[in-house]
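**Student:** need a 3D model of the following:
(2 chains)
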There are 2 protein chains.
Amino acid sequence: MSMVLVTGGRGFIGTNLTNELRSRGHDVWTCDIVQGEDPQHVKADCGSYQQMDALLRKHTFDFVYHLAAEYGRWNGEDHYENLWHTNVIGTKHMLRLQQQHRFKMVFFSSAEVYGDYDGLMSEDVMDRLPIKQMNDYAISKWAGELQCLNHAEMFGTETVRVRPVGCYGPHEYYSTYRGVIPIFVYRSLTGQPFTVHAGHRRIFDYVEDTCRTFANIMDNFLAGEVYNVGSQEDWDITIEELAEIVLEETGASRDLVDLKGEEGFTTRVKIVDFSKARRDLSHKAKIDIHEGVRTYVEWVRRAYDL
Amino acid sequence: MSMVLVTGGRGFIGTNLTNELRSRGHDVWTCDIVQGEDPQHVKADCGSYQQMDALLRKHTFDFVYHLAAEYGRWNGEDHYENLWHTNVIGTKHMLRLQQQHRFKMVFFSSAEVYGDYDGLMSEDVMDRLPIKQMNDYAISKWAGELQCLNHAEMFGTETVRVRPVGCYGPHEYYSTYRGVIPIFVYRSLTGQPFTVHAGHRRIFDYVEDTCRTFANIMDNFLAGEVYNVGSQEDWDITIEELAEIVLEETGASRDLVDLKGEEGFTTRVKIVDFSKARRDLSHKAKIDIHEGVRTYVEWVRRAYDL
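**Tutor:** Sure, this is the predicted structure:
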């Protein structure tokens, strides 16, 4: 039983992770830039030192899952002021408060830090190769990782970094900035056309699987470590295959699919190594893409009354 | 004769660069977060899109030297909100405005991007090795470089990046966040003790030499290129030797020197390669450390009436 804070706790992963942590008996508080009905939710923006300072003076946390972030490449390009404010200034605030309050922190980075690297993405790629991030979102996440490392070096703060890959599932609301699964599903269910780029392979990871792994970090907290967290290496599929699954699960018409060639400024194939999370965090994916999309489609129907 | 804007034009390098560019007959405007008496100076914060947009709508510039930045490692640690706001959000604003107005830009990075790399710092080290920046200032400068590269790739904007090394000289006012030369000189002239860390070798570069090279970029603007700009490879000296020169030029008492061992979190030796700037930008240092410190001491005496 630990006292845990989840920043960005009203967001997609935050909501699922909070559920998982509470199911294990932890005393979980959440904060976010939006209000919430939960009695243990606090409206607090991690980009505001004052707001986070007030929260962290009020309660003593053993662990902080620092999820609060502007998410996604095009969201980051369109809203770069918010992006840098939340993802980097906000992370620095958390590190400064960690110095004072000494909680253990889990920092949420992204597999986007690997840039256009097209080999096997093991965590130590970042220690072996000169990777350049290709957009502000990715740069901000790598900057956050470096801030965590430098603070650990200078002040002995204890942080584990995670790099989620292709996470999807319930509580991910639709917007055009979201990943392909929410976009395909929502647009299928609302009869709106959507673009499918041929020639890309991706790994998708059902959020309940991911959140079990994230929750396991508390049981084997190895400060300084970094983990890719996705499903499993051989669960990669093409975007065309994904579209087929979505059409099947939603019953939408194939006419909605606007098939295009390769998308610019993103890699064709991503191959990610999850062996470290399996070793240290008992990572194990249970829900495959068919079952995951089916469950997500049900959730989207309920969430939007479709 | 070109129309040129120097952001951060009231700062140390900005003031010297403006003088150099005007001496070559260019029509130079400056902006900065502070006011100024010059009729071609505009108060405008590059961290504010609105202010920079207004300025760039009013005048059409051929070149923008984007110098505006929060400078220095400890300044960046103490004022990290300002740092990220100016250095990264500000640079993104400039890149967005560059997309619209198509000026050629010179982005001022820093040799701090090389982190604790202790080999020969050639520009392509960043393309060959997995370098980690060691503080927020350095991270923000590397983030700015990546933003320039990504914008060039996506929108065809034309930018040259420079990485100054150890620049000092007139118009560098004293604060505790400044480099060793202003600190040693000002404290010597005001009878205040100063710390000298033994065991470090550094290259120093007189600002008028540096600014001639920066001004030369306009004559041979090779978009996408990046240059180290310092003095010359064999002008490195120890910090103890530098302190001796300052004592000699100021006539201060040796008692002011507080000799300590190696400083933490910084490299012992920096060896920098300036051959690319010599090749493309006719880089040539003329003023050695003795003459440079002498001139700077005279300027500090006048500036502070000492």
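
**Student:** show me the helices in chain A, by range?
**Tutor:** Using DSSP state H, the helices of chain A run over A:12-23, A:49-58, A:73-78, A:80-84, A:90-101, A:125-128, A:136-155, A:180-189, A:207-216, A:239-250, A:275-281, A:289-304.

**Student:** A:Val64 is nearest to which of these?
**Tutor:** Among the helices of chain A, the nearest to A:Val64 by CB to CB is helix A:90-101 (6.9 Å). Every C-beta, even on glycine, is put in place using the N, C-alpha and C of the backbone.

**Student:** let me have the helices of chain A in TSV, adding mean neighbour count, distance to B:Tyr174 and mean pLDDT as columns.
**Tutor:** Below are the helices of chain A laid out as TSV (neighbours: other CB atoms under 10 Å in any protein chain shown; distance: least, CB to CB, whole Å; pLDDT from 0 to 100):
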stretch	mean neighbour count	distance to B:Tyr174	mean pLDDT
helix A:12-23	21	47	98
helix A:49-58	16	29	98
helix A:73-78	17	39	96
helix A:80-84	21	30	98
helix A:90-101	21	27	98
helix A:125-128	15	39	97
helix A:136-155	23	26	98
helix A:180-189	22	55	98
helix A:207-216	23	49	98
helix A:239-250	19	58	98
helix A:275-281	17	49	98
helix A:289-304	17	60	98
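
**Student:** got those helices as JSON lines, with distance to chain B columns?
**Tutor:** Output for the helices of chain A, formatted as JSON lines (distance: least, CB to the nearest CB, whole Å):
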{"stretch": "helix A:12-23", "distance to chain B": "23"}
{"stretch": "helix A:49-58", "distance to chain B": "8"}
{"stretch": "helix A:73-78", "distance to chain B": "9"}
{"stretch": "helix A:80-84", "distance to chain B": "5"}
{"stretch": "helix A:90-101", "distance to chain B": "5"}
{"stretch": "helix A:125-128", "distance to chain B": "6"}
{"stretch": "helix A:136-155", "distance to chain B": "5"}
{"stretch": "helix A:180-189", "distance to chain B": "21"}
{"stretch": "helix A:207-216", "distance to chain B": "25"}
{"stretch": "helix A:239-250", "distance to chain B": "21"}
{"stretch": "helix A:275-281", "distance to chain B": "18"}
{"stretch": "helix A:289-304", "distance to chain B": "31"}
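
**Student:** what sits closest to the residue sitting furthest away from the middle of chain A if chain neighbours are left out?
**Tutor:** Distance to the chain centre peaks in chain A at A:Asp255, reaching 31.3 Å (criterion: CA atoms, centre = their mean). Excluding its sequence neighbours, the residue lying closest to A:Asp255 (CB to CB, 6 or more residues apart in numbering or on different chains) is A:Pro193, at 7.8 Å.

**Student:** so that neighbour makes contact with A:Asp258?
**Tutor:** Yes. Counting by CB atoms under 8 Å, A:Asp258 is a contact partner of A:Pro193 at 5.3 Å.

**Student:** what residues are up against A:Val160?
**Tutor:** Listed by CB atoms under 8 Å, 6 or more residues apart in numbering or on different chains, the contact set of A:Val160 reads A:Lys104, A:Met105, A:Val106, A:Phe107, A:Ile217, A:Phe221, A:Leu222, A:Ala223, A:Gly224, A:Glu225, A:Val226, A:Tyr227.

**Student:** if we can go back for a sec, can you pull the contacts of the residue nearest to A:Asp255?
**Tutor:** Listed by CB under 8 Å, 6+ apart, the contact partners of A:Pro193 are A:Arg187, A:Asp255, A:Leu256, A:Val257, A:Asp258.

**Student:** how close does it get to chain B?
**Tutor:** Separation of A:Pro193 from chain B (CB to the nearest CB, to the nearest Å) stands at 25 Å.

**Student:** can you add distance to A:Thr213 and give the contacts of A:Pro193 back as TSV?
**Tutor:** Shown next, in TSV, are the contacts of A:Pro193 (distance: CB to CB, whole Å):
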residue	distance to A:Thr213
A:Arg187	30
A:Asp255	39
A:Leu256	34
A:Val257	33
A:Asp258	35
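
**Student:** mind picking the two most distant members of the residues you listed?
**Tutor:** Greatest spatial distance among the contacts of A:Pro193 (CB to CB): A:Arg187 and A:Asp255, at 12.2 Å.

**Student:** okay, now the nearest residue to A:Thr15 once chain neighbours are set aside: neighbour count?
**Tutor:** Closest residue to A:Thr15 apart from its sequence neighbours, by CB to CB, 6+ apart: A:His171 at 4.3 Å. Using other CB atoms under 10 Å in any protein chain shown, A:His171 is surrounded by 17 other residues.

**Student:** show me what contacts A:His171?
**Tutor:** Taking CB under 8 Å, 6+ apart, one finds A:Phe12, A:Thr15, A:Asn16, A:Val207, A:Trp299 in contact with A:His171.

**Student:** which residue is nearest the centroid of chain A?
**Tutor:** Geometric centre of chain A, nearest residue: A:Pro164, 5.2 Å, by CA atoms, centre = their mean.

**Student:** which residues are in contact with the nearest residue to that one once chain neighbours are set aside?
**Tutor:** Nearest residue to A:Pro164 in three dimensions, chain neighbours excluded: A:Val229, at 5.3 Å (CB to CB, 6+ apart). A:Val229 makes contact with A:162-165, A:167, A:205, A:210, A:213-214, A:274, A:277, A:281, A:283, according to CB under 8 Å, 6+ apart.

**Student:** ok, now A:His41?
**Tutor:** With contact set as CB under 8 Å, 6+ apart, A:His41 has these partners: A:Gly9, A:Arg10, A:Trp29, A:Thr30, A:Cys31, A:Asp32, A:Gln35.

**Student:** how does it look with 7 Å?
**Tutor:** Residues near A:His41 by CB atoms under 7 Å, 6 or more residues apart in numbering or on different chains: A:Gly9, A:Arg10, A:Thr30.

**Student:** of the residues you listed, which belong to strands?
**Tutor:** A:Thr30 (DSSP state E).

**Student:** what's the ChimeraX line that selects buried ones from the contacts of A:His41?
**Tutor:** Burial among the contacts of A:His41 is assessed by 16 or more other CB atoms under 10 Å in any protein chain shown; the matching ChimeraX selection reads:
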select /A:9,10,30
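
**Student:** out of the contacts of A:His41, who's near chain B?
**Tutor:** Subset of the contacts of A:His41 in contact with chain B: empty, counting by CB under 7 Å from any CB of the partner chain.

**Student:** which among the contacts of A:His41 gets closest to B:Gln50?
**Tutor:** The closest of the contacts of A:His41 to B:Gln50 turns out to be A:Arg10 (CB to CB; 30.6 Å).

**Student:** I'd guessed the closest one sits against A:Asp32; true?
**Tutor:** Yes. Applying CB atoms under 7 Å, one finds A:Arg10 in contact with A:Asp32, separated by 3.8 Å.

**Student:** need the pLDDT of A:Trp29.
**Tutor:** Note for A:Trp29: predicted pLDDT of 98.
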